[in-house]
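# Model the following, please.
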Amino acid sequence: MSDDLNFTVQRPPAYGELTDVLPGLFWVRLPMPAAPNHVNCWLLDDGPGWTMVDCGLNTDDSFEMWDKLWRGLLRSRPLQNLALTHAHADHSGLAAYFVKETKCAVRMPLTEWLNAWKTWHEREDGPDEQFVSFLKRNGASDDDAARIVEAQRQPKFLGSRPPREFARIRDGEVISMGRREWKVLTAGGHSVEHALFFCENDRILIAGDQILSHMTPSVIAPPAQPTANPMQDYLDSLTRLEGLPPDTLVLPSHGLPFRGLHARLAQLREHHLSRLEDVASIVNGRTNAFLIAQEIFPRVLYANPRQAFGEALAHLNMLASSGRLTRDVGGDGAIAFAPA
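Here you go, the predicted model:
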């Protein structure tokens, strides 16, 4: 799938290394303890200080790498601004630390800030009755639900308490970062109000997780919105991004920088449409999200049930929204899908 893409580098830099991308724009890759094993963060030279886009997980490795950089190559000028593409922990996990230590301003979409707080409270409280009900209404047995809930009791959340203060960024707004002007583009699907940053003058897109070079972003219907249609939101975002120049330099949060935006958008659309066909083909009678998750995500159903359940439900909701499946709710709240 990557044959149509023009990668600006063939190998990623070492973890924690400050790497030039363009004048005034630098790349720092940080490790993650699970797939996809890394996250890319971007540093932009503002002159008197720095703007950083995303900051990595709240892990000892990430902390030590940032500490080394700020005590070394970056020590002469402060971090003034932290822009967050979305609230997932691998992008925002160290935000509270940077705010406390550097007094930097945080910029992010409102929905992502609210989602960060929701995630924080959920992780602090652990799985609750609503999550158990969500599992059972979508086909999990009592034993399946208990097993999944137990797997969710992680010993350590790799995020931190979200910043209590932030500046809201909105779709279409133009902000300054690194002596360049960037248009904010917000998109749904992977996250509710994911922010991308597009520099029209230099044709650069800081894409976050919305467009990745070597993998497909997850599209999940969350337990809090069991009837949501994030797949449609994601496909709509691909259509909108096709309006950007085809030679745009894409800086993804996972994978390598590349040119070939339109080719990659076509690949991502093809993947999701193909997966929708796969799901439709296995729905021969009444079914539910748990059975579909068992069929298409058996290896991650218990290790990462929010992803397995959420992706299965996202596909089913999309097929129901387009009229290819029916969605029925029984008297006991059980949710079932069937061919239309």
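# For this protein, which segments are assigned as helices?
60-71, 89-92, 95-102, 110-125, 129-137, 142-151, 230-241, 261-282, 289-296, 305-321 (DSSP state H).
# and the nearest residue to Ala314 once chain neighbours are set aside, how many neighbours?
Here the nearest residue to Ala314 in space, its sequence neighbours aside, is Ala221; by C-beta to C-beta, 6 or more residues apart in numbering that works out to 4.4 Å. Every C-beta, even on glycine, is put in place using the N, C-alpha and C of the backbone. For Ala221, the neighbour count with other C-beta atoms under 10 Å is 24.
# Test my guess that Ala221 contacts Ala308.
No - the pair formed by Ala221 and Ala308 falls short of the contact definition of C-beta atoms under 8 Å, at 11.6 Å.
# circling back to that earlier point, so what's the residue nearest to Ala314 up against?
Thr227, Ala228, Asn229, Pro230, Gly310, Leu313, Ala314, Asn317 (C-beta atoms under 8 Å, 6 or more residues apart in numbering).
# Which pLDDT does the model give it?
pLDDT for Ala221: 94.
# if we can go back for a sec, between the contacts of Ala221, which sits nearest Ile169?
Closest approach to Ile169 among the contacts of Ala221 (C-beta to C-beta): Pro230, at 20.8 Å.
# pretty sure the closest one is in contact with Gly189, am I right?
Yes - applying C-beta under 8 Å, one finds Pro230 in contact with Gly189, separated by 5.0 Å.
# quick one: common contacting residues for these two?
By C-beta under 8 Å, 6+ apart, Pro230 and Gly189 have these common neighbours: Val219.
# re the thing from before, which of the contacts of Ala221 sits closest to Pro48?
Closest approach to Pro48 among those (C-beta to C-beta): Pro230, at 40.0 Å.
# burial count for the closest one?
24.
# distance of it from Val219?
Pro230 sits 5 Å away from Val219 when distances are taken as C-beta to C-beta, to the nearest Å.
# ok, now Ala83?
23 Å.
# now do Arg168
Distance from Arg168 to Val219, by C-beta to C-beta: 25 Å.
# Equivalent analysis for Asp328, please.
To Val219, Asp328 is 23 Å away according to C-beta to C-beta.
# Neighbour count: those two, which is higher?
Neighbour totals were compared for Asp328 and Val219, and Val219 leads with 24 against 12 (other C-beta under 10 Å).
# tell me the contacts of that one?
Contacts of Val219 (C-beta under 8 Å, 6+ apart): Gly189, His190, Pro230, Met231, Tyr234, His272, Glu311, Ala314.
# now swap in Leu276 and tell me
Taking C-beta under 8 Å, 6+ apart, one finds Met231, His315, Met318, Leu319 in contact with Leu276.
# Please find the angle between the direction vectors of the helix or strand of the chain with the lowest mean pLDDT and helix 289-296.
The helix or strand of the chain with the lowest confidence, counting by mean pLDDT, DSSP states H and E, is helix 142-151 at a mean of 85. Following axes from the mean of the first three to the mean of the last three C-alpha atoms, to 10 degrees, one obtains 70 degrees for the angle between helix 142-151 and helix 289-296.
# in helix 142-151, what counts as buried?
The neighbour-count check on helix 142-151 (16 or more other C-beta atoms under 10 Å) flags Asp144, Ala145, Ile148, Val149 as buried.
# by how many degrees do that helix and helix 129-137 diverge?
Using the same axes, to 10 degrees: helix 142-151 against helix 129-137 is 140 degrees.
# Centre of the chain to helix 142-151, how far?
How far helix 142-151 lies from its chain's middle: 25 Å, per C-alpha atoms, centre = their mean, to the nearest Å.
# Spatially central residue for this structure, please.
Among the residues of the chain, the one closest to the centroid is Asp209, at 4.6 Å (C-alpha atoms, centre = their mean).
# now that one: how far from Asn288?
Distance of Asp209 to Asn288, computed by C-beta to C-beta: 28 Å.
# before we move on, what about Asp128?
Per C-beta to C-beta, Asp128 is found 21 Å from Asn288.
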